[in-house]
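[1] have a look at this prediction, sequence included:
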Amino acid sequence: MEYRDIKDRIVLSTLPNIPFDGWSLKALRQGAEAEGFDRDAAERAFPGGPIEAVAHFVDMANRLMEADMEEAETESLRLHERVRLAILLRLERWSHEREAIRRGMALMSLPGNLVLSAKASYTAIDSIWRVAGDTSVDFSFYTKRAELAAIYAATLLVWLDDTSEDMEITRSFLDRRLAEALRLRKARVKVEEKLSALPNPLEMVSRPLDMAKSFRMR
C-alpha cells in the first residue's frame, strides 16, 4: 500500500470526528484506529500535525476532482464552463463535510499556517484550471489564477452556509461571478486591441528627431 493511500484513509476516517474534536491529533488518532492502524500511525503520517492533514485533504480533493472531471462529459463545453463544472463537482463531493472544511479553513487562516495555506490554495486553483484544459503559459497564466482564486474563495464561503436544494444558491452565485469575470476579460481584450491599433507615441516623437538628424548630416 502506498503511503499516500494510508494518508488518504486516515483523513477520510477522520472527517466524521472533526465536528466534535476539530482538526486535532485526537481526531486523527481516532481516524487511524478506525482504519485498523495503531493510534501512532496518525503522527507518523502527519508529523507536521493537524495542519499537515488539512493540506493533504486539499491535495486529495484535487485528485478526486480531477478523477470526477475525467468521467464527466466536457468535450462540448467551453473553457469557463469546464471551470464551472470542476468547481461544482468538487463542492458536491464534499457536501456532507462542510463543517470539516469550515474548521480546516479556520486552521489554515492562523498566522503560523499562512505559508502552507497559500500553497494549498494555489494547488487547488491550479488543479481546477488544469483539469478544465487551460494551456496558457504567458502572463495570463497568473492573472487567470488570481481571478479564479477570488471567485472560488467567495463561492466556498457561500457554499458553507448553503442549505438550498441541489446547491442552487451556490450555483447561482458562481454563475454570476464567472459571467462577470468573463465580461471583464472581454472588455479588457477590446481595450488592448484598440490600444494596439493606435500609433506608438514613442515612434511619433522619434520620427521628427530622425528627420532633423538626417537633415543636419546633409
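    Received, thanks.
[2] helices along this structure, start to end?
    Secondary structure of the chain (DSSP state H): helices located at 3-14, 18-21, 25-34, 41-45, 50-71, 79-93, 98-108, 114-132, 140-160, 168-197, 201-217.
[3] export those to JSON lines and append columns for mean pLDDT and mean neighbour count.
    Just so you know, the C-beta spots here come from the backbone N, C-alpha and C atoms, and that holds for glycine as well. Shown next, in JSON lines, are those (pLDDT from 0 to 100; neighbours: other C-beta atoms under 10 Å):
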{"stretch": "helix 3-14", "mean pLDDT": "97", "mean neighbour count": "18"}
{"stretch": "helix 18-21", "mean pLDDT": "96", "mean neighbour count": "16"}
{"stretch": "helix 25-34", "mean pLDDT": "97", "mean neighbour count": "20"}
{"stretch": "helix 41-45", "mean pLDDT": "96", "mean neighbour count": "19"}
{"stretch": "helix 50-71", "mean pLDDT": "97", "mean neighbour count": "18"}
{"stretch": "helix 79-93", "mean pLDDT": "97", "mean neighbour count": "19"}
{"stretch": "helix 98-108", "mean pLDDT": "98", "mean neighbour count": "18"}
{"stretch": "helix 114-132", "mean pLDDT": "96", "mean neighbour count": "17"}
{"stretch": "helix 140-160", "mean pLDDT": "94", "mean neighbour count": "17"}
{"stretch": "helix 168-197", "mean pLDDT": "80", "mean neighbour count": "13"}
{"stretch": "helix 201-217", "mean pLDDT": "55", "mean neighbour count": "9"}
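[4] residues touching stretch 147-157, excluding its own?
    Contacts to stretch 147-157, defined as C-beta atoms under 8 Å, 6 or more residues apart in numbering, come from residues 83, 87, 91, 101, 105, 121-122, 124-125, 128-129, 170, 173-174, 177-178, 181.
[5] repeat that for stretch 173-183.
    Contact partners of stretch 173-183, identified using C-beta under 8 Å, 6+ apart, comprise His80, Val83, Arg84, Ile87, Leu88, Glu147, Ile151, Ala154, Thr155, Val158.
[6] repeat for stretch 43-61
    For stretch 43-61, the external contacting residues (C-beta under 8 Å, 6+ apart) are 3, 6-8, 10-12, 14, 22-25, 27-29, 32, 42, 90, 93-94, 100, 104, 107-108, 113, 116, 119-120, 123-124.
[7] try it again at 7 Å.
    By C-beta atoms under 7 Å, 6 or more residues apart in numbering, the residues outside stretch 43-61 that reach it are 6-8, 10-11, 14, 23-25, 28, 90, 94, 104, 107-108, 113, 116, 120, 123-124.
[8] and the residue nearest the centre of this structure?
    Centroid-nearest residue in the chain: Ile125, 2.2 Å away (criterion: C-alpha atoms, centre = their mean).
[9] show me the contacts for it.
    Ile125 neighbours (C-beta under 7 Å, 6+ apart): Arg145, Leu148, Ala149, Tyr152.
[10] before we move on, what about Asn62?
    So Asn62 contacts Thr123, Ala124, Ser127 (C-beta under 7 Å, 6+ apart).
[11] could you point out which of those is nearest to Glu73?
    Nearest to Glu73 among the contacts of Asn62, counting by C-beta to C-beta, is Ser127 at 19.7 Å.
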